[in-house]
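S.K.: Show me how the following folds:
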Amino acid sequence: MAKLHAELKEITWAKFHVPPLMILDGNHKGEGMTDYLLQSITGGLNGYEHSSVIMPMNRVIDVMASGKNLCHPAMLKNDERRTSALFSEPTVALPGAVLVFPAVHTKLTSTRALSLYQFLEETGMSIGITGGRSYDQRVDQIISSYKNNPKKIILQKSSENSGLFRMLQRGRIDSVIAFPFEAIYAFGGLLKPQGYAMRPIAEVDEILTGHIACTNNAWGAEVIRKINVVLRRTIRDPAYRKSITRWLSHEHTNQFIRWCEKNLTNNGAFGE
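M.R.: All right, here's what the predicted structure looks like:
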């Protein structure tokens, strides 16, 4: 019984190196969007011991599906994940995914949203994606329908997105699906911004909400309940908001702030 009680008071967090969402290495180590969130949540969960393991998203889903206790600090909801994970109240609202491609493709350069399906069917260009990742329910479905066509969908098994940007830089893939803040981070390092363009994806919602996720069992339900209590304090913390907006464009910073003001309910929780 004592051993079972001890297990219930431990939380293992799955970590990942996907700058600037979470930054495990380099000059900005520990300064990612999720880093401050995780620090705040773990510091506010009294009575729990915390450990972490670096784990790609597809492995996270497998572990949760097996019933083993695990939490992840930044997950998008989709139908597959709802069967194996329980989700916190929204932790953040971020801009939807975009296509990043070399600016030499002038016919594609526009601020208007581009249909991902149309892009795959009509351009003959390939798209690089990271394994196990969700970009949006509709985008995930389109990608799944092309998963057996390696000329169109290039799957990188690692969840670290810098590898995809290197492939794009070297011409090994024609485009990358990424979130705008990831592209901005890459433009500050791997890629030269004047050489690349970003285009919104028509099938993606303008705003996507991130969540903390834990295994869908009794342990996970109790942990999520307690996380939500801490989260309601965290999301009002100016330092937390700064940890998000420092990586966003001016446009997306304003979008995030407006969303917060609109959706922050009286009890401190984000509404969806």
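
S.K.: Helix or strand: which one has residue 155?
M.R.: Per DSSP states H and E: residue 155 is located in strand 153-156.

S.K.: which residues of the stretch 51-200 of the chain fall in helices?
M.R.: Per DSSP state H, counting those that start in this stretch, the stretch 51-200 of the chain carries helices over the ranges 57-65, 79-82, 116-122, 137-145, 162-169, 180-187.

S.K.: any chance of these in TSV, plus mean pLDDT?
M.R.: As requested, these are exported to TSV (pLDDT from 0 to 100):
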stretch	mean pLDDT
helix 57-65	95
helix 79-82	91
helix 116-122	91
helix 137-145	91
helix 162-169	88
helix 180-187	88
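
S.K.: of those helices, which approaches residue 94 most closely?
M.R.: helix 180-187 (7.0 Å; CB to CB). Every residue, glycine included, has its C-beta placed from N, CA and C.

S.K.: how far does the closest one sit from the chain's center?
M.R.: Chain-centre distance of helix 180-187: 13 Å, with CA atoms, centre = their mean, to the nearest Å.

S.K.: Does anything pack onto that helix? Which helices or strands?
M.R.: Secondary-structure packing of helix 180-187 (3 or more CB pairs under 8 Å, 6 or more residues apart in numbering; DSSP states H and E): strand 92-95, strand 98-102, strand 196-200.

S.K.: Nearest to residue 227, out of those?
M.R.: Of the helices and strands packed on helix 180-187, nearest to residue 227 by CB to CB is strand 92-95, at 13.9 Å.

S.K.: Quickly run through the sheet partners of that closest one, with directions.
M.R.: Sheet partners assigned to strand 92-95 using DSSP bridges are listed as strand 207-215 (antiparallel).
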